[in-house]
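In: this is a predicted model, with the sequence first.
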Amino acid sequence: GGGGFNLIAPNTSLGQHFLKNPAVVTGIVAKASIKPTDVVLEIGPGTGNMTLPLLKAAKSVIAIEFDSRMVREVLKRVEQTPELGHKLQIIQGDAMKTPFPFFDVCVANIPYQISSALVFKLLAHRPMFRCAVIMFQEEFALRLTARPGESLYCRLSVNCQLLAKVDQLMKVGRNNFRPPPKVESRVVRIELRNPPPPVNFIEWDGMIRLLFNRKNKTLR
C-alpha cells in the first residue's frame, strides 16, 4: 500500500524532494512505456514510491541511491512484496560517479543540482537505451527543447537536440513534493538519435561552448 509515503524526513542538503502524489507516479511510469522484458535504471528511488510500480511493469529494476537511509527504506518496502524482491538490485552510490549498467529505460526524479551532468552522461551512454523519462526543474526542462532565438536556448539545448529527441510530457506542481521545491517541475522524455549524428562530440561541444561564450558576435 501507500504506507511508505511519509516515513522518512527528506535531507534537503542532498536536494531530496520526495514525490508524494501517487497519480503523478502512475503518470510517469505510464509515459515510460515499460515492457515486461525491460531492464529499468532508476536514479534516486527515494523511499521507493516509483520503484514498486516500476518493478511490477519491468523485468528488473536497477536503482542507484546515494542516501543509505533510502536504500534501507526501499529494501524494507520491497520485502513486503516478495514476488517483486528478486527483480530489484540497489547500488548505493553517487549516480554521477557510478558506471551505468546496461538498461532499456531510465526513470529519474533527481536532485536538481545534478540535472546537467546527468543529461550529458545519458547522451554519452552506450549501448543505446530506448528512452529516459526524467523530472527536472521547469526552466531546465524548457532549456532542453528551447529553439534558436529563444531566451532559454543554450549549449545544453544545442547538444541535447543534436543527440536526442526531447519531448515535454507533463507539468508537476511544487505541492506534489515533500518538501515543496521553490519552483515548478516538468517531466521530459529523452530518446537518443539512432544512429547518432556523425560528429566528434568533444570537438563539437568545444565549438558550441565557444559560441555561447561569445553570444553576440558573428563568427566567420
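Out: Good, I have the coordinates.

In: show me what contacts Ile64?
Out: If a contact means C-beta atoms under 8 Å, 6 or more residues apart in numbering, then Ile64 has Leu41, Glu42, Ile43, Gly44, Ile90, Ile91, Gly93, Ala95, Thr98 as its contacts. Just so you know, the C-beta spots here come from the backbone N, C-alpha and C atoms, and that holds for glycine as well.

In: what subset of these is buried?
Out: Neighbour counting over the contacts of Ile64 (16 or more other C-beta atoms under 10 Å) leaves Leu41, Glu42, Ile43, Gly44, Ile90, Ala95 as the buried ones.

In: closest to Leu19 out of the residues you listed?
Out: Gly44 (10.0 Å; C-beta to C-beta).

In: gap between the nearest residue to that closest one once chain neighbours are set aside and Glu83?
Out: Excluding the flanking residues, the one nearest Gly44 by C-beta to C-beta, 6 or more residues apart in numbering is Ile110, at 4.8 Å. Computed as C-beta to C-beta, to the nearest Å, the Ile110 to Glu83 distance reads 28 Å.

In: which of those two has more neighbours?
Out: The neighbour comparison of Ile110 against Glu83 (other C-beta atoms under 10 Å) goes to Ile110, with 19 against 8.

In: and the pLDDT at the more buried one?
Out: You'll see Ile110 listed with a pLDDT of 83.

In: surely Pro196 meets Leu163?
Out: Yes - with contact defined as C-beta atoms under 8 Å, Pro196 reaches Leu163; the gap is 6.3 Å.

In: buried residues, stretch 73-83. List them.
Out: In stretch 73-83, counting by 16+ other C-beta under 10 Å, buried: Glu73, Val74, Arg77, Val78.

In: is it true that the first one touches Gly48?
Out: Think Glu73. Yes - contact criterion C-beta under 8 Å: Glu73 and Gly48 qualify, at 6.3 Å.

In: tell me the SS of Lys76?
Out: Using DSSP: H, G, I helix; E, B strand; the rest coil, the structure places Lys76 in helix.

In: tell me how far it lies from Arg69.
Out: Relative to Arg69, and taking C-beta to C-beta, Lys76 is found at 11 Å.

In: cool, Gly46 as well?
Out: Going from Gly46 to Arg69 by C-beta to C-beta gives 10 Å.
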